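**Student:** Here is my input, please return the structure:
(one chain, ligands or ions: 1)
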Amino acid sequence: MKHLLKLLDCSTEEILSILDMADQLKYENKHNITHHHLAGKSLGMIFEKSSTRTRVSFETGIYQLGGQPLFLSSRDLQIGRGEPVEDTARTLSRYVHGLLIRTYAQDEVETLAKCASIPVINGMTDFCHPCQVLADLMTIREKFAQLEGLKLCFIGDGHDNVANSLMVGGLKVGMEVAVASPSTHQPYPEVMDFVNGEIAKGAKFTLTEDVYEAAKNADVVFTDVWTSTGHEDMREENRRQLAGYQVNHELLEVCKPEVMVQHCLPAVRGEEITAEVFEEHADEIFEEAENRLHAQKAVMVKLMGEQD
Ligand code: CP
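**Tutor:** Have a look, this model is predicted:
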């Protein structure tokens, strides 16, 4: 792996290898074992959208690895005044050892990677959120000690970046995946192309408008906010179109008895998830948030560390 731009680019072996390293780094972190794999290295972090988890977990993560973070708001960079991403990539490649970017267009991340001579990590675009889903898979594997054969369902906006990355990541590790979303919020065509290829090879996948069909016998239920970061102008329309695509007690009745509920956060209680379900599953939701730290440290070590 040279970059982490989207899970579509990653092999199953690469994903599992990141999860294995994330487990090891989590163990070392909990046992105060020094793991300075990136001593003396720096990560430039370009943010064009708000963030709590991604920003703080990458900043503390590189610090724990012996390196240094540089938070670069697009408002302060010349990129915010129109300097081409190509020139930003070539300049920053001469100062830092890796780049993280959170932005709107996937094309911007792909261009950054094409022009940079250092690894680029996607910290979320409108299209996908690969770091989030690596942490999600890590959290599921911690609970069930396996991924293959489990049923994962996503309830809500099928056009959401986390939903699309879960579809790809879940199928790549052998999970059954089901998505319930309205016709107004369907997955990206390139993700459906991948899904259809996996179905042809025997994968189990369901795309439905019926939340109960998607959730039936699920081991893990995911949701995300109805309105993604940076698209707040769509909030009222999304509320109307996504009403009913909610994780609540009635929905969980049709899942497996020990169902795990995951939410990438931030959550809007009363929209995509009820306050009761959120609080009852808060331990596993915040374990998922913690695992952003460990999974992303693994990504940085794999991409920015010394190669064998
Ligand atoms: N889940 C997630 O990416 O959180 P932030 O937007 O706070 O980074």
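**Student:** What separation do you get for the closest residue to residue 27 other than its chain neighbours and the ligand?
**Tutor:** With sequence-adjacent residues excluded and distances taken as CB to CB, 6 or more residues apart in numbering, residue 27 is closest to residue 33, at 7.7 Å. C-beta here means a position set from N, CA and C on the backbone, and glycine is covered the same way. According to CB to the nearest ligand atom, to the nearest Å, residue 33 stands 27 Å off from the ligand.
**Student:** Mind checking what secondary structure residue 33 has?
**Tutor:** Under DSSP: H, G, I helix; E, B strand; the rest coil, residue 33 falls in the coil class.
**Student:** Does residue 131 belong to a helix, a strand or coil?
**Tutor:** helix.
**Student:** burial measure for it, as a count.
**Tutor:** Applying other CB atoms under 10 Å, we find 26 residues neighbouring residue 131.
**Student:** Name the nearest residue to it, ignoring sequence neighbours.
**Tutor:** Closest to residue 131 by CB to CB, 6+ apart is residue 296, at 5.4 Å.
**Student:** and if you look at residue 101?
**Tutor:** That would be residue 46: by CB to CB, 6+ apart, it lies 4.5 Å from residue 101.
**Student:** partner residues bridging that neighbour?
**Tutor:** Per DSSP bridges, the residues bridged to residue 46 are residue 72, residue 101.
**Student:** give the contact list for it.
**Tutor:** Each residue near residue 46 by CB atoms under 8 Å, 6 or more residues apart in numbering is listed here: 72, 74, 77, 79, 88, 99, 100, 101, 102, 103.
**Student:** in the chain, which spans are helices?
**Tutor:** Assigned by DSSP state H, the helices in the chain fall at 12-30, 53-64, 85-92, 106-115, 130-144, 161-172, 189-200, 211-215, 235-242, 249-252, 275-280, 282-304.
**Student:** Mind giving me the packing neighbours of the third one?
**Tutor:** Meaning helix 85-92. helix 106-115 (3 or more CB pairs under 8 Å, 6 or more residues apart in numbering; DSSP states H and E).
**Student:** Quick one: list the elements packing against the helix it packs on.
**Tutor:** Here helix 106-115 touches helix 85-92, strand 98-102, strand 120-122, going by 3+ CB pairs under 8 Å, 6+ apart.
**Student:** So which bits of the protein are right by the ligand?
**Tutor:** 51, 52, 53, 54, 124, 132, 229, 264, 265 (CB under 6 Å from any ligand atom).
**Student:** pLDDT score for residue 307?
**Tutor:** On the pLDDT scale, residue 307 is placed at 67.
**Student:** can you check residue 254 too?
**Tutor:** Per-residue pLDDT puts residue 254 at 98.
**Student:** Next up, the contacts around the closest residue to residue 132 other than its chain neighbours.
**Tutor:** Nearest non-adjacent residue to residue 132, counting by CB to CB, 6+ apart: residue 264, 5.0 Å away. Counting by CB under 8 Å, 6+ apart, residue 264 touches 53, 129, 132, 136, 162, 222, 224, 288.
**Student:** pLDDT value on residue 264, please?
**Tutor:** 98.
**Student:** Return a PyMOL selection command for the buried portion of the residues of the chain next to the ligand.
**Tutor:** Command for PyMOL, covering only those of the residues of the chain next to the ligand found buried under the criterion 16 or more other CB atoms under 10 Å:
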select buried, resi 51+53+54+124+132+229+264+265
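**Student:** What values do phi and psi take at residue 227?
**Tutor:** The phi/psi pair for residue 227 (degrees, to the nearest 10) reads phi -120, psi 120.
**Student:** from memory it sits against residue 238, does it?
**Tutor:** Yes - assessed by CB atoms under 8 Å, residue 227 is found in contact with residue 238 at 4.8 Å.
**Student:** thinking again about what came up before, of the helices of the chain, flag the one that's most buried.
**Tutor:** helix 161-172 (a mean of 27; mean count of other CB atoms under 10 Å).
**Student:** So which elements touch that helix?
**Tutor:** Packing partners of helix 161-172 (3+ CB pairs under 8 Å, 6+ apart): helix 12-30, helix 130-144, strand 151-155, strand 176-180, helix 189-200, strand 220-223.
**Student:** Grab the nearest non-local neighbour of residue 165.
**Tutor:** Closest to residue 165 by CB to CB, 6+ apart is residue 133, at 4.1 Å.
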